[in-house]
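*Asks:* Following is a predicted model, sequence given first.
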Amino acid sequence: MNGEKQERLTRVGPGTAMGELLRRYWFPVAASIELTAGTTRAVRLLTEDLVLFRQPDGRLGLVQRNCSHRNASLQCGLVDDEGISCPYHGWKFDSRGNCLRMPAEADNPKLLERARIRAYRAEELGGLIFAYLGPEPAPLLPRYDLFVWDNVLRDIGMATIPCNWLQIMENSVDPTHVEWLHGHHLTGVRDANRQSTPGWYKRHHTEIGFDVFDYGIVKRRVLEGGSREDEDWQTGHPLIFPVMLRVGTRGQHRFQIRVPVDDTTTRHYWYSCYKPVDGIDAPVQREVPVYEVPWQDEQENFIVDYVDGGDIMVWVSQGAITDRTKELLVSSDQGITLLRRLLLEQVDRVQAGEDPMGVIRDEADNQCITFAQEFNKFSGGDAFLREAIELSHVRYSPLKEQIIKLLGQG
Ligand code: FES
Ligand SMILES: [Fe+2]
């Protein structure tokens, strides 16, 4: 790949090819629980510094971070039912960016008009707050199944990862890394710590396959000893374009959401739904809890004795923006080639004035968007389910014991 194509694929600022494509989608910028009524939160998305706030009446606002007067940050602004007031001289802005008041100035509508700030849409769904930075009319916030399911237990893991979003997404269409990174490498690491490791991940891939569908790419695999009859091939699981992966097995259903904060920082969310075994009701949750997924210890060494820690280690180790002019793609990288092609095709669509794939504008299409995902991953049944909890980021969840019980594994 040449440098120009790499720039086109990776950069997310305003006016860049990928930045303009990504601005056609909604991204989570906070968990609902992180923004109580009357408070603010600094947010950075697609290189733009913003402040998110929740008015006492519950309404959300998302505006540029720096005040139009003399650039003080609105992050420490006071919030009321009209909007947010800058801490420096009290200029007040509503959630549409209109300047309502300049306390030290006489009324002057023209001046107020000049003081208007950038404002964006923010909406809440399933315990997350989403933002849309693109042109109007905005598409609908997609009601993907996990965000709207009933009778499930939810939690949200989070980590800030110092690398470009695309190398994380490329990992989602790279099935064979599983047998080495999460199989042989993880086993080697854990052996050295005298920790046991189940053998699921080590199984060799005898076939991999990819199909583009309306919302992204379905990823399939056949593992040694298995066949195309297995769910890993029949159903597989999807990359949901452009920044999500759907993973899990019976009882555990998850979106991994990779939010491009800027060119070299990605906010990673593990948004999980745990579905109870038959006959049990999930406890009612007033709010969805969040937790930090650690990937470095106090000495800043990578934590690599669990599956997601291994993934994060390789993403970061590839470099802030991995140099694709120096890579050697082989046949097992076919998913990565496909994803890059798809991204560039969607860039062309946006430049031609069309909506890219997955953008939803019709309410009737947006009641609950369901994705297929294997229920018996690696044909591993309950044993895999139990071990996947111990070997994944779920080991850090504040709900871990509750999850194990809910899934009938206690
Ligand atoms: S800098 Fe915001 S009111 Fe002066
Ligand atoms: Fe992985």
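*Replies:* Okay, I see it. Numbering: from 1, shown residues only. Ligands and ions are numbered 1, 2, ... in the order given.

*Asks:* which residues in the stretch 251-400 of the chain form helices?
*Replies:* Shown for the stretch 251-400 of the chain, the helices assigned by DSSP state H, counting those that start in this stretch span residues 307-317, 334-351, 381-390, 400-406.

*Asks:* Extract the C-alpha set from the shortest one and format it as PDB.
*Replies:* Once non-C-alpha atoms are left out, helix 400-406 reads as follows in PDB (Å, rounded to 0.1, in the frame of the first residue of the first chain):
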ATOM      1  CA  LYS A 400     -19.000 -11.100  37.200                       C
ATOM      2  CA  GLU A 401     -20.500 -13.300  40.000                       C
ATOM      3  CA  GLN A 402     -24.000 -12.300  39.000                       C
ATOM      4  CA  ILE A 403     -23.200 -13.100  35.300                       C
ATOM      5  CA  ILE A 404     -21.900 -16.600  36.200                       C
ATOM      6  CA  LYS A 405     -25.000 -17.300  38.200                       C
ATOM      7  CA  LEU A 406     -27.400 -15.900  35.500                       C
END
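
*Asks:* which other residues reach the helix or strand of the chain with the lowest mean pLDDT?
*Replies:* None of the helices or strands of the chain scores lower by mean pLDDT, DSSP states H and E than helix 381-390, at a mean of 84. By Cβ atoms under 8 Å, 6 or more residues apart in numbering, the list of residues contacting helix 381-390 from outside reads 198, 200, 249-252, 307, 377-378, 380, 394-395, 400, 403-404, 407-409. No exception for glycine: its C-beta is placed from N, CA and C like everyone else's.

*Asks:* returning to what we had before: ligand 1 is nearest to which of the helices of the stretch 251-400 of the chain?
*Replies:* Ligand 1 lies closest, by Cβ to the nearest ligand atom, to one member of the helices of the stretch 251-400 of the chain: helix 334-351, at 34.7 Å.

*Asks:* Show me what the closest one is in contact with.
*Replies:* Defining contact as Cβ under 8 Å, 6+ apart, one finds that helix 334-351 is touched by 5, 8-9, 17-18, 20-21, 24, 169-170, 172-175, 208, 210, 212, 217, 219, 239, 241-242, 329, 355-357.

*Asks:* Give me the buried subset of those.
*Replies:* Applying 16 or more other Cβ atoms under 10 Å to those, the neighbour count classes 8-9, 17-18, 20-21, 24, 169-170, 172-175, 208, 210, 212, 217, 219, 239, 241-242, 356-357 as buried.

*Asks:* Show me the domain layout of this structure.
*Replies:* As assigned by automatic domain parsing, the chain contains the domains 26-132, 145-406.

*Asks:* Using PDB, list the CA coordinates for stretch 109-117.
*Replies:* What follows is stretch 109-117 as a C-alpha-only set of coordinates in PDB (Å, rounded to 0.1, in the frame of the first residue of the first chain):
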ATOM      1  CA  PRO A 109     -28.900  40.300  19.000                       C
ATOM      2  CA  LYS A 110     -26.200  40.700  16.300                       C
ATOM      3  CA  LEU A 111     -23.500  40.100  18.700                       C
ATOM      4  CA  LEU A 112     -25.300  37.000  20.100                       C
ATOM      5  CA  GLU A 113     -25.600  35.700  16.600                       C
ATOM      6  CA  ARG A 114     -21.800  36.100  16.100                       C
ATOM      7  CA  ALA A 115     -21.100  34.200  19.300                       C
ATOM      8  CA  ARG A 116     -22.900  31.000  18.300                       C
ATOM      9  CA  ILE A 117     -20.900  27.900  18.800                       C
END
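
*Asks:* Only the buried residues of it, if you could.
*Replies:* 112, 115, 117.

*Asks:* Which residue comes closest to the second one once chain neighbours are left out?
*Replies:* Read it as residue 115. Among residues not flanking residue 115 along the chain, residue 99 sits closest, at 3.7 Å (Cβ to Cβ, 6 or more residues apart in numbering).

*Asks:* got a pLDDT number for the one you found?
*Replies:* According to the prediction, residue 99 has pLDDT 98.

*Asks:* residue contacts, the closest residue to ligand 1 within the stretch 201-350 of the chain?
*Replies:* Of all residues in the stretch 201-350 of the chain, residue 262 sits closest to ligand 1, at 24.2 Å by Cβ to the nearest ligand atom. By Cβ under 8 Å, 6+ apart, the contact set of residue 262 is 12, 13, 44, 46, 47.

*Asks:* Make a PyMOL selection of whichever of those residues turn out to be buried.
*Replies:* The following PyMOL line selects those of these that are buried, judged by 16+ other Cβ under 10 Å:
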select buried, resi 12+44+46+47
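
*Asks:* So which residue is smack in the middle of the chain?
*Replies:* Taking Cα atoms, centre = their mean, the centroid of the chain lies closest to residue 257, which sits 1.6 Å from it.

*Asks:* Any figure for the gap between that residue and residue 393?
*Replies:* Noted for residue 257: a distance of 13 Å to residue 393, by Cβ to Cβ, to the nearest Å.

*Asks:* and if you look at residue 401?
*Replies:* From residue 401 across to residue 393, the span is 16 Å (Cβ to Cβ).

*Asks:* What of residue 177?
*Replies:* Taken as Cβ to Cβ, the span from residue 177 to residue 393 is 17 Å.

*Asks:* ok, these two, which is more surrounded?
*Replies:* Neighbour count, other Cβ atoms under 10 Å: between residue 177 and residue 393, residue 393 has more, with 26 against 17.

*Asks:* Test my guess that that one contacts residue 271.
*Replies:* No: using Cβ atoms under 8 Å, residue 393 makes no contact with residue 271, being 11.5 Å away.

*Asks:* ok, back up a step: look up which residues are beta-bridged to the residue of the stretch 201-350 of the chain closest to ligand 1.
*Replies:* residue 265 (DSSP bridges).

*Asks:* just use 28 as the starting number from now, easier for me
*Replies:* Noted, 28 is the first residue going forward, which turns the last one into residue 289.

*Asks:* Next one: it, what pLDDT does it get?
*Replies:* What the model reports for residue 289 is a pLDDT of 98.

*Asks:* now residue 130: how far from ligand 1?
*Replies:* 8 Å (Cβ to the nearest ligand atom, to the nearest Å).

*Asks:* again, but for residue 116
*Replies:* For residue 116, the distance to ligand 1 equals 3 Å [Cβ to the nearest ligand atom].

*Asks:* Can you give me the neighbour number for that residue?
*Replies:* For residue 116, using other Cβ under 10 Å, the count is 14.
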